[in-house]
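Undergrad: Only the shape, not the letters, is given here:
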């Protein structure tokens, strides 16, 4: 079950990656740097001492259709809004965007994407009101650009889809501390009580599904202008898109309602939401962070050396510990009273 999350990913050497780049893309690179990754393997490639491409070697359990959906979603966004910087894929020597590569009887899918210059949102020292406003507008543009995109296999079983709670129920036991397990159980109970009766009324769409601070690129003026890593793309409740982004904005902050309202007002200036979506967003924010800490607990026992797995674990637990003491219905009312509609 969930083999992409509990089996080792690719582990190619720098030299092997250079050879792959030469053989599949006929490119000579001067420098190559391995990048941190959750389950795939990525290399930053340089030509003339400038970063130019990223070589992406997918987990052997990844499917072609998921990669094809990523590629077509990126193309769809670019056609709708060509100012959004995207990891556009480069064709191989055979004219294909996705290469099949076999090594030691294991098949890997390989892609080459254009490097997006800039900094990661996580490296900014401050996410002030102005930045939150710009981020909301930027994500609204992405949601707007994805509007109308469809893919046959966009609905899939996937633990990072926060509309699917089975991963949490099945893996709460991976969390060692009972008091932390109780936090997850209580938030799950609040979520199920709130959402189960209204699921059919929540709009669905294909979303990026991982607009966190490691995947948003800012330019030299600290303006969000690029997004990377479409590996979690899925068709789900569309409210999950802003909820995921907001969840990471709330880490290490005490002004949650204000941040949510500022972000949503900006987001809705581009991509309006329904009153029901606004009313339930706090539940999806909490559930995203529940998945994050549970996934970290589950996977760090399997891959103890992968520090990327637990990158936001402590901050997420801090938030969940505080929100456990809060009436989420009261939060929803505050958000509804603050967000412009």
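TA: That came in fine, so what should we check first? From a predicted model like this one, the values you see are computed outputs, not experimental measurements.

Undergrad: distance between the longest helix anywhere in the chain and the chain's centre?
TA: The residue-count maximum for a helix in the chain (DSSP state H) belongs to helix 275-300. What separates the centre of helix 275-300 from the centre of its chain is 12 Å, taken as Cα atoms, centre = their mean, to the nearest Å.

Undergrad: And it, what does it pack against?
TA: In this structure, helix 275-300 makes packing contacts with helix 3-6, helix 166-171, helix 178-195, helix 240-249, helix 256-268, helix 313-323, helix 328-338, judged by 3 or more Cβ pairs under 8 Å, 6 or more residues apart in numbering; DSSP states H and E. Any C-beta I mention is one placed from the backbone N, CA and C, and that applies to glycine too.

Undergrad: could I get those helices as a markdown table with mean neighbour count and distance to residue 88?
TA: Rendered in a markdown table, the data for these read as follows (neighbours: other Cβ atoms under 10 Å; distance: least, Cβ to Cβ, whole Å):
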| stretch | mean neighbour count | distance to residue 88 |
| --- | --- | --- |
| helix 3-6 | 16 | 24 |
| helix 166-171 | 16 | 31 |
| helix 178-195 | 16 | 36 |
| helix 240-249 | 26 | 21 |
| helix 256-268 | 21 | 24 |
| helix 313-323 | 17 | 32 |
| helix 328-338 | 15 | 36 |
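
Undergrad: Tell me which of those helices sits nearest to residue 74.
TA: Checking these against residue 74 by Cβ to Cβ gives helix 240-249 as the closest, at 15.7 Å.

Undergrad: Quick check: mean pLDDT of the closest one?
TA: On average, the pLDDT along helix 240-249 is 97.

Undergrad: In stretch 118-128, which residues are buried?
TA: Judged by neighbour count using 16 or more other Cβ atoms under 10 Å, the buried positions of stretch 118-128 are 118, 121, 127.

Undergrad: Low-confidence ranges, the stretch 51-200 of the chain, go.
TA: Filtered on pLDDT under 70, the stretch 51-200 of the chain yields no residues whatsoever.

Undergrad: Just the helices from it, written as ranges.
TA: The residue ranges that make up the helices of the stretch 51-200 of the chain, judged by DSSP state H, counting those that start in this stretch, are 64-80, 129-146, 166-171, 178-195.

Undergrad: between these, which gets nearest to residue 305?
TA: Closest approach to residue 305 among the helices of the stretch 51-200 of the chain is made by helix 166-171 (20.3 Å; Cβ to Cβ).

Undergrad: Show residues contacting the closest one.
TA: When contacts are taken as Cβ atoms under 8 Å, 6 or more residues apart in numbering, the neighbours of helix 166-171 outside the stretch itself are 2, 159, 184, 188, 287, 290-291, 294-295, 297-298.

Undergrad: One more pass at 6 Å, please.
TA: Contacts of helix 166-171 with the rest of the structure, by Cβ atoms under 6 Å, 6 or more residues apart in numbering, involve 159, 188, 290, 294, 298.

Undergrad: Distance to residue 249 for those - can I get that in a markdown table?
TA: Putting these into a markdown table (distance: Cβ to Cβ, whole Å) gives the following:
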| residue | distance to residue 249 |
| --- | --- |
| 159 | 22 |
| 188 | 22 |
| 290 | 17 |
| 294 | 21 |
| 298 | 25 |
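
Undergrad: Which pair of the residues you listed spans the longest distance?
TA: Largest separation among these by Cβ to Cβ: 188 and 298, giving 15.5 Å.

Undergrad: I'd like the distance between the closest residue to residue 129 other than its chain neighbours and residue 12.
TA: On the basis of Cβ to Cβ, 6 or more residues apart in numbering, the spatially nearest residue to residue 129 that is not a chain neighbour turns out to be residue 262, at 5.9 Å. Note on residue 262: its distance to residue 12, by Cβ to Cβ, to the nearest Å, is 43 Å.

Undergrad: What is the neighbour count of residue 88?
TA: One way to gauge burial is a neighbour count; for residue 88, by other Cβ atoms under 10 Å, it gives 15.
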